[in-house]
Every structure is written in C-alpha cells, then in structure tokens.
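Chemist: This is a predicted model, with the sequence first.
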Amino acid sequence: MTIDRRTLFAAHAYLPQGWRRDVLLEWNEDGMLTGVVPDSPAPAGAPRASGPIVPGMPNLHSHAFQRAMAGLAEYRAQASDNFWSWRDLMYRFAARITPERLAAIARWLYVEMLKAGYTSVCEFHYVHHAQDGTSYGNAPELGQCVVDAASQAGIGMTMLPVLYQYSGFGKREPRPDQRRFVNTPESLLDLLLTLRRARPEHGALTYGVAPHSLRAVSAASLHALLDGLDAHLPGAPVHIHIAEQTGEVQECLAATGARPVAWLLDHADVNARWCLVHATHIDETETRALAAAGAVAGLCPTTEANLGDGFFPAQPYLDAKGWIGVGSDSHVAVDWRSELRLLEYGQRLLLRQRNVLACETRPQVAERLFDAALAGGARASGRPLGALAPGYRADWLVLDEAHPSLDGRQPGDWLAGVVFCEHGPSPIVEVHTGGRCVVRGGRHEDEAAAYAAYREAVSHLQG
Ligand code: ZN
C-alpha cells in the first residue's frame, strides 16, 4: 500500500469538538483539508505528528513596517506621552520606507509570526506612495512587496489596501506627513485591482479593503469605497480602526453627534464581513449592537496596552455572543498567546476576579479564548481558516508534549499551559501552512537569510 504524502496521523488533535485521539488528516494539492477522522487506525508508514496538533491562529491586524520601530518609542519625550505623540514618531518612520526595506521587514515579520503560530495575517496596508507623495509607476508597488513577502515566508494573507483621505473629522486636509497614505476611493480601488491582477487570489491569498477610520474617510467616500468593492469583490472583508482612543470618540461625537461604533452601525450595513479593529471604547448599547451585527471586534491587547488605549469590555461582549479575534498590530509582541493572556489579565486587573472570560459552558478560559480567536480571526480573514476540519486550510501547529507547560498534564489542560504559562522556549515546535512544514524544531526554513535582510533594512531606517 502506498501512503499519500498529504497524510498525517496525530495521536492528539484539537478539533472543533475538542481534543480527539488518533486523528488522521488528509489534504489536497491546494493545501485544503479533505479528511479529518478521529479514532482512526494509523495507516502503516503514514507520517506521524511529533506532538499534539492545534489549528494555526489567524492574525487579524498588522501594519508590517511598524515591526522595525518596536521598542524604539519606550522613553518619555514629553510630560504626557500618548498615542498621538507615538504616531508622530511612527510617521517619521513611515516616511523612510522604500519598497526594498518594506519587503525585508515584512519577510522577517512573517517569519516571526509563523514561529509564533500565526499561520495567516490580515495586512492593513496604508503606505502606498513614493516618499514625495506621488504614485509609484506601479501604483501598488509597496503592497506587492508585502504580498510577495508573505508568499516567500509561507504565511497566508488577506491584503487590505487602506483608504486614507482626510486628517480628521469634517474632511480636514491631510497633513504633509500623511502624503504617502492618501487616496480617493477611486484611486484606492484602482490600486487594489491592479495588485489583484498582478497577484491573483489563491488558497493562501485574498483581498478586501480598509477604510482607515471614521476620521480619515467621509460618509460619502466610505460608501463609494464599499460600492466599488462590491462591484468587483462582493462580500470581501472590510476592516476599519474604530474607537481606539477616547479623543477619537469625543471628536466623533462633536462632528456627528454619535459615538464611532454607533455611527458606523447606523450608516453602513455592518455584518459578518466587517472587522472593527480597536473597538476599545464602546458603551453598553454599542456592545450589544456590535455583537448582534456579527462583525468581529479586532483586539490587539499588547499594542493597546503599549499605546495606553484602554480596555475593551470583553466579558459583556462575549456574553452577548460577540465575535473576537486578535492581531499583533504594531508588533511590540508577535505572539497570539500574549494577546489572549493579556486580554484575560486586563479583565482580572480591572474587576479583581479570576477566570473572567470563562463561562458556564466553557470553564477553561484558554480554550474559550482560543476557539473565539480562531473563529473570529477566520471570519475577519474572509478565508476558511481556524479549524481542523474538511474544507478548511491545512494550517496547524505541533506542540511539544514534553514541554514543562504540558508534560504530565491531561489534554484538557494543555491550552491553559500554552496560553498562561510563560516558561522558557515556546511550546510550539512545528508550524504547517497549506499542509507544508515551514517551521521545524522552532526554526523557520528561511530564518537566517530573512533576518540578515531585515537587519540591513533596519540599519538604514535608523541611520
Ligand atoms: Zn492598526
């Protein structure tokens, strides 16, 4: 009997119904799972997973170039450093990006993501133009570098070109340091379609759009963008930064009479295709309405903590059956385990309770949050991700069963060890995307070359 190369036998696998024994996985040449059967006899000669396997995590929010400035804004420059003073520094960094530097930064970032167990990423890409603000000869030059970096590293991608049109509510003129971001809905759609012709969709790549925020688009331009998107890519994902800062909420109230999430729910058909990134500042009415809409709240707890944004009301939102996913955003951390841990710890510190984000039917906090982030991350990605089941992408992580956080424990405690224990090296030792192993023994196949190129790019940016 010949064994198909696209077969794996796992003694333990985390399926949608929980941990199962003796699972046989099969996938096709497009990297999609075709069979996932628990309680299977191991076919003679079939490859065996070296440890328990779990689905790979989708990362729902990334600005790749910001990886290069992680850790460089951790000093006090003025008495009240805040998000807006951080943004000035980030803009100075953005001004120095070139296609070559962005390609190198993104390639290394995606290697880091894969090593951490992110197997797919939604790239919220807003640096579009040359340094003087004019369009590149190939308009999506920078976006294309990012798409190519993802394919080189072996991570799946949902590419979201960003519409940035104004510097504030009331159609304020863009600032000079925003010139690389600025488009009209028409020029942004052109850029997206040009990129899509050059890099067509496949099993590991899809497209959507991102109106940057309510301060950066008008009601008219938001609708023009959505209509244009639906003419070409009906149902494609739409992501937006929504309520990260209290200052932004106050400005929105002053300009429109409504809070950002409330305004968006009233003025757009917000549904499962939407991801509201940093829905941090929502009141009780918005919490219930956002959950009912089926949109994903895109949470980036490590970045939100780093920037001093505030707390998302995760408990009432999850209790209202709201969808969440996690992203690494500014990349101060590239680790979904840290995002989930901080999401729960933020609530514990705030409420002075433990296991806040568990519920009656899901007492294991880590499993509830892991499942929620897989499902929400997949929904935000607009691709069949986040489950070991037929029809889904063959993306999985192999855990080290001998790691001190798992060793000698029952399967029901493994995810708690993975998420909440911070002891030594990561328990994720292998990462597979589209059925292909890209991280083995904790190392990515392209790690050394990717890091050398990244190091070179960063030295120019800081120089
Ligand atoms: Zn962001």
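Modeler: Okay, I see it. Residues are numbered from 1 along each chain as shown.

Chemist: hmm, which helix or strand of this structure has the shakiest average pLDDT?
Modeler: Lowest by mean pLDDT, DSSP states H and E among the helices and strands of the chain is helix 83-95, with a mean of 85.

Chemist: Nearest residue to L15 in space, please, no chain neighbours.
Modeler: Distances taken as CB to CB, 6 or more residues apart in numbering place L388 nearest to L15, at 5.3 Å, with adjacent residues excluded. Every residue, glycine included, has its C-beta placed from N, CA and C.

Chemist: Could you point out the bridge partners of P55 in the sheet?
Modeler: Per DSSP bridges, the residues bridged to P55 are W396.

Chemist: can you count the residues close to it?
Modeler: Applying other CB atoms under 10 Å, we find 27 other residues in the vicinity of P55.

Chemist: so who does it touch?
Modeler: With CB atoms under 8 Å, 6 or more residues apart in numbering as the criterion, the residues that contact P55 are 14, 374, 385-388, 392, 395-397.

Chemist: picking that back up, can you pull the buried residues of the least confident helix or strand of the chain?
Modeler: Within helix 83-95, the residues scored as buried using 16 or more other CB atoms under 10 Å are 83, 86, 90, 93-94.

Chemist: Now render these as CSV, adding distance to A231.
Modeler: Supplementary listing: the buried residues of helix 83-95 in CSV, determined by distance: CB to CB, whole Å:
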residue, distance to A231
F83, 35
W86, 37
M90, 33
F93, 35
A94, 30
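
Chemist: and which of those is nearest to L350?
Modeler: Top of the list for closeness to L350, among the buried residues of helix 83-95 and by CB to CB, is F83 at 19.7 Å.

Chemist: So that closest one sits against G310, correct?
Modeler: No: because the distance of 10.2 Å does not satisfy CB atoms under 8 Å, F83 is recorded as not touching G310.

Chemist: residue boundaries of the strands in the stretch 351-463 of the chain?
Modeler: 396-399, 428-433, 436-440, 443-444 (DSSP state E, counting those that start in this stretch).

Chemist: for S151, what are its contacts?
Modeler: Residues 157, 204-205 are the ones in contact with S151 under the rule CB under 8 Å, 6+ apart.

Chemist: from those residues, which is closest to G294?
Modeler: Within these, proximity to G294 (CB to CB) peaks at M157, which comes in at 23.3 Å.

Chemist: Near the closest one, how many other residues are there?
Modeler: Look at M157: counted by other CB under 10 Å, it has 26 neighbours.

Chemist: Now name the helix or strand holding it.
Modeler: strand 156-163 (DSSP states H and E).

Chemist: what's the angle from that strand to strand 428-433?
Modeler: Angular relation of strand 156-163 and strand 428-433 on a 0 to 180 degree scale: 70 degrees, by axes from the mean of the first three to the mean of the last three CA atoms, to 10 degrees.

Chemist: in the helix or strand just after strand 156-163, what counts as buried?
Modeler: On the C-terminal side of strand 156-163, the closest following helix or strand by DSSP H and E is helix 185-198. Buried residues in helix 185-198, counted by 16+ other CB under 10 Å: 185, 187-196.

Chemist: Same question for stretch 335-351.
Modeler: Buried residues in stretch 335-351, counting neighbours by 16+ other CB under 10 Å, are found at 335-347.

Chemist: Much appreciated, bye for now.
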